[in-house]
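# The following block contains a protein sequence and its predicted model.
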Amino acid sequence: MTDDGTKDRRVIILAAEVAETKKDKSVPSLLLGLEDILSSVVPGSREASRLKQDIWTYDLIQVLILVLKQDFDRVSGTWDTGAKLASLLSNCCIGLDPPESHEFFGLCLPEAIENMLMLSRKIQAKYIKTDKEMDKARKAAIENFRTILDSITHLFSGHVFLTSNVMRSPWLQQLLITDDVDTTLSVLSLMQNVLRVNSTVLSTLDNKILHGILDEVTYKLSASIDVEIGSSATRCLLTFCDVYPSLIEVICARYKGLRPLLGKWTGKGFGRDLKRLLALLEAGSAQRAEMEKFWRAATTIQAIWRSFNTRKKLRDANKALVKFHRSFREKRKVQEQRRDADKQQRELEHQLLLARKRALRESRQKQLEILAILPPSEVDKHLQNALDKSALKIQTQWRGYKERKALKNRQKSMKKIRAAVAIQRHWRNFSERKSRRGEELPAFQRPPGLNDQRRVEIQQQILEWRENHPPKSLTREQQEDLYNRSQTMLQRHLLMNKAIRKKHQERLALLARLETDADLLLNAPKLTEATEKDVETFSSRSVPVAAKARDNHLKEMRILRQPWWKKLDNQYQDTDYEEDVILF
């Protein structure tokens with residue numbers, strides 16, 4: 001069918017040729033023309049769907065299904081033609097959904113599966129009967145066999161319900177009943193593909209069919225000696241058990257001697273699958289197998305954790321050992337350095353002792369020489385002088401030692417005195433600040449000199465000023481402006497009142513201090529009549545003031561000691577000239 005709704009002419013011509021032919025042997029060759037027709041469109045496109053619909057409409061699919069029953073030894077192309085027709089049938093049925101759905105899905109597709117399995121069985125029989133020396137014929141036969149099985153896989157992948165027909169077909173069991181390695185591998189792979197497409201297909205089978213399939217697979221696993229057969233049969237049984245867990249109990253009950261026979265496959269390259277199958281057979285049920293799987297997983301995790309923990313402890317132990325070695329070497333090095341230093345110190349002390357002994361010996365030898373030279377009358381005098389010098393040296397050393405020892409005590413006492421002075425200074429400053437805060441007058445307190453009589457006088461002056469200066473009539477805005485300015489002035493006065501009173505108190509205190517100092521200076525006695533009490537009166541306890549007074553006194557004394565020509569005042573110098581020089 002083309003885009004305009006008309007039927008495809010090529011399909012019509014092919015259907016007419018098939019209908020008009022009188023020889024059944026030529027029908028397969030004519031149906032091979034569908035290959036060119038299907039290859040002319042994109043698979044899965046709308047044109048391909050319309051083309052397949054036309055093929056179904058002209059009953060070409062039914063003819064394809066019937067043709068697969070023929071003996072292709074008498075057909076042109078022999079069994080290659082049969083394999084190609086099976087592939088064409090699979091391609092035509094995939095993606096086809098005709099209006100006659102019951103006929104297509106209920107009759108045609110199951111029959112197509114049966115005929116394709118039957119065709120594969122014929123090719124298998126021919127492959128087995130072919131002499132092994134005929135490599136070319138055997139190779140072509142096995143390729144055709146695999147092509148048909150691939151076509152079956154393709155067909156039930158598109159129509160999942162056909163997986164049940166594949167597993168129920170008697171031709172599948174006949175395909176399994178063989179000792180040939182190549183075809184057996186292909187059939188086992190076909191069953192695994194069926195279970196991948198539909199994992200619930202085993203639960204829909206009768207026990208007789210299921211047991212027959214299990215018998216053949218188990219026979220392959222126990223009787224065959226080919227490694228590929230053993231590996232494929234093991235994977236197939238594992239797939240059966242995975243998709244249908246209740247089958248484990250059937251296998252364990254039906255094939256009790258299977259587990260010992262599996263030992264021959266040990267070390268053949270599929271040990272992981274074999275180990276898993278043995279674990280399932282030992283468990284005997286799906287639940288127990290699952291529990292053992294969890295137990296093995298837990299055991300593996302524990303083993304990994306223990307190994308990790310052990311390796312970690314070993315690493316930590318290695319680090320600790322390295323650290324211990326390093327510390328031991330460092331300690332030994334320090335001990336060796338200390339021993340060397342002690343040895344050098346002892347050697348130095350020994351050298352010093354020898355030097356002192358040598359010096360003492362030389363000194364005594366010198367004294368003996370001096371005594372030998374001196375006259376007898378001067379010997380006693382010389383010995384007395386030597387004793388005096390020795391006593392003086394001993395006294396000097398003792399006084400130095402005593403003063404150094406007393407210096408430490410004096411330093412400790414001076415440190416305590418300084419700390420006490422600092423504490424006293426801070427305490428006096430704190431007390432002074434506290435008393436100063438207590439002396440500050442609050443803002444609401446009356447200013448000094450404002451008594452009741454003074455208040456009456458000020459109130460009288462205010463009344464007289466109001467009588468002499470009557471207020472002018474003001475507008476509402478002017479009154480508000482006047483009120484705001486008066487409030488601002490009042491706030492400024494309240495803010496500045498505290499500072500003003502504080503400055504007033506400072507002025508009064510300064511005046512009182514100046515009067516006191518003036519009285520002291522006026523009543524000061526002469527220097528010849530001054531006593532310690534008078535000196536203490538004119539002394540200051542402030543360290544900065546005392547230092548400044550001392551500096552001024554020393555400066556004045558230096559000026560007094562200078563000659564008269566250095567005491568001349570600079571009033572006769574040219575001040576303007578000096579200022580000009582400084583400016584430039």
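Here it is on my side, so go on.
# I'd like the distance from the longest helix seen in the chain to the chain centre, please.
Ordering each helix of the chain by length in residues (DSSP state H) puts helix 286-373 first. Relative to the mean C-alpha coordinate of its chain, helix 286-373 is positioned 38 Å out (C-alpha atoms, centre = their mean, to the nearest Å).
# Give the next helix or strand downstream of that helix.
helix 379-439 (DSSP states H and E).
# Tell me, how many residues neighbour K313?
11 (other C-beta atoms under 10 Å). Using the backbone N, CA and C atoms, a C-beta is placed for each residue, glycine as well.
# quick one: it from D242, how far?
Counting by C-beta to C-beta, to the nearest Å, the gap from K313 to D242 is 40 Å.
# Kindly report the same for L353.
Going from L353 to D242 by C-beta to C-beta gives 97 Å.
# So for the two, which residue has more residues nearby?
The residue with more neighbours, out of L353 and D242, is D242; 14 against 10, by other C-beta under 10 Å.
# pLDDT wise, what is the nearest residue to T81 once chain neighbours are set aside at?
Among residues not flanking T81 along the chain, P28 sits closest, at 5.0 Å (C-beta to C-beta, 6 or more residues apart in numbering). Note for P28: predicted pLDDT of 77.
# cool, Q384 as well?
86.
# what number of residues lie near it?
Neighbours of Q384 (other C-beta under 10 Å): 10.
# go on, K7?
Taking other C-beta under 10 Å as the neighbour definition, K7 ends up with a count of 16.
# do you know how far it is from A48?
Separation of K7 from A48 (C-beta to C-beta): 15 Å.
# Secondary structure element for P525, which one?
Per DSSP H and E, there is no helix or strand for P525.
# what's the closest non-adjacent residue to it?
Ranked by C-beta to C-beta, 6+ apart and with sequence neighbours excluded, the top spatial neighbour of P525 is D534, at 5.9 Å.
# And that neighbour, how close does it get to G269?
Per C-beta to C-beta, D534 is found 123 Å from G269.
# Let me see the contact set for D340.
With contact set as C-beta atoms under 8 Å, 6 or more residues apart in numbering, D340 has no partners.
# and it, what pLDDT?
Looking at D340, its pLDDT stands at 93.
# and S189, what element?
Assigned by DSSP H and E, S189 belongs to helix 181-197.
# So which elements touch the helix or strand containing W79?
If you go by DSSP H and E, W79 is part of helix 78-93. Contact analysis of helix 78-93 by 3 or more C-beta pairs under 8 Å, 6 or more residues apart in numbering; DSSP states H and E lists helix 27-31, helix 33-39, helix 46-57, helix 60-67, helix 109-129, helix 135-158 as its packing neighbours.
# Return the distance of that helix from the chain's centre.
How far helix 78-93 lies from its chain's middle: 60 Å, per C-alpha atoms, centre = their mean.
# relative orientation of that helix and helix 109-129 in degrees?
160 degrees (axes from the mean of the first three to the mean of the last three C-alpha atoms, to 10 degrees).
# Alpha carbons of helix 78-93, as PDB, please.
The C-alpha atoms that make up helix 78-93 are tabulated as PDB, following Å, rounded to 0.1, in the frame of the first residue of the first chain:
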ATOM      1  CA  THR A  78      18.000 -26.200  -0.800                       C
ATOM      2  CA  TRP A  79      18.100 -25.400   2.900                       C
ATOM      3  CA  ASP A  80      19.600 -22.000   2.400                       C
ATOM      4  CA  THR A  81      16.200 -21.000   0.900                       C
ATOM      5  CA  GLY A  82      14.400 -22.400   3.900                       C
ATOM      6  CA  ALA A  83      16.500 -20.300   6.300                       C
ATOM      7  CA  LYS A  84      16.000 -17.200   4.200                       C
ATOM      8  CA  LEU A  85      12.200 -17.800   4.100                       C
ATOM      9  CA  ALA A  86      12.200 -18.200   7.900                       C
ATOM     10  CA  SER A  87      14.000 -14.900   8.300                       C
ATOM     11  CA  LEU A  88      11.500 -13.300   5.900                       C
ATOM     12  CA  LEU A  89       8.600 -14.700   7.800                       C
ATOM     13  CA  SER A  90       9.900 -13.300  11.100                       C
ATOM     14  CA  ASN A  91      10.500  -9.900   9.500                       C
ATOM     15  CA  CYS A  92       7.000  -9.800   8.000                       C
ATOM     16  CA  CYS A  93       5.300 -10.700  11.300                       C
END
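# what sits against the residue lying closest to P110 once chain neighbours are set aside?
The shortest distance from P110 to any non-neighbouring residue, by C-beta to C-beta, 6+ apart, is to N165 (4.9 Å). Each residue near N165 by C-beta under 8 Å, 6+ apart is listed here: 109-110, 113-114, 156.
# out of those, what pair is the most spread apart?
E114 and F156 (12.5 Å; C-beta to C-beta).
# between those two, which one's more packed in?
Between E114 and F156, F156 has the larger neighbour count (other C-beta under 10 Å), namely 24 against 19.
# I'd guessed that one sits against T163; true?
Yes - using C-beta atoms under 8 Å, F156 is in contact with T163, at 5.0 Å.
# Can you pull the residues that touch both of those two?
Shared contacts of F156 and T163 (C-beta under 8 Å, 6+ apart): 194, 197-198.
# looking at those residues, which has the most residues close by?
Among the shared contacts of F156 and T163, V194 has the most neighbours (other C-beta under 10 Å), with 24 neighbours.
# Contact partners for it?
When contacts are counted by C-beta under 8 Å, 6+ apart, V194 touches 156, 163, 166-167, 201.
# re the thing from before, and the gap between the residue nearest to P110 and S199?
N165 is 16 Å from S199, by C-beta to C-beta.
# Next, give phi and psi for P43.
Phi and psi for P43, reported as degrees, to the nearest 10, are phi -60, psi 140.
# I'd like to know which of the shared contacts of F156 and T163 is nearest to K52.
V197 (21.3 Å).
# Model confidence score at that closest one, please.
pLDDT, V197: 86.
# How about P442?
For P442, the predicted pLDDT is 58.
# still on that earlier bit, L527 is in contact with the residue nearest to P525, correct?
No - at 9.6 Å, D534 does not count as touching L527 under the criterion of C-beta under 8 Å.
# Neighbour count: these two, which is higher?
Between D534 and L527, counting by other C-beta under 10 Å, D534 is the more crowded of the two (15 against 7).
# Which of the helices or strands spans the more buried one?
helix 532-537.
# next SSE after that helix?
Following helix 532-537 toward the C-terminus (DSSP H and E): helix 543-561.
# what comes up buried for that next one?
Of the residues in helix 543-561, none has enough neighbours to count as buried (16 or more other C-beta atoms under 10 Å).
# if I pick S90, what's in contact with it?
Here S90 is in contact with 116, 151-152, 154-155 (C-beta under 8 Å, 6+ apart).
# residues touching the closest residue in space to it that isn't next to it in sequence, list them.
Once flanking residues are discounted, S90 sits nearest to S151: 3.9 Å by C-beta to C-beta, 6+ apart. Shown in contact with S151 (C-beta under 8 Å, 6+ apart): 83, 86-87, 89-90, 116.
# Give me the pLDDT for S151.
Among the per-residue scores, S151 holds a pLDDT of 87.
# That one and L176: what is the separation?
Per C-beta to C-beta, S151 is found 19 Å from L176.
# S186 too?
Here S186 is placed at a distance of 11 Å from L176 (C-beta to C-beta).
# go on, L202?
Taking C-beta to C-beta, one finds L202 at 15 Å from L176.
# Between these two, which is the more surrounded one?
Using other C-beta under 10 Å, the more surrounded residue of L202 and L176 is L202, with 23 against 19.
# before we move on, back to that, which is the succeeding secondary structure element to the helix holding W79?
Per DSSP H and E, the first helix or strand lying C-terminal to helix 78-93 is helix 101.
# Any regions of the stretch 51-200 of the chain where pLDDT drops low?
The model of the stretch 51-200 of the chain has no residue with pLDDT under 70.
# Oh, that last question was meant for the chain, not what I typed.
In the chain, residues with pLDDT under 70: 1-6, 22-24, 286, 438-450, 567-584.
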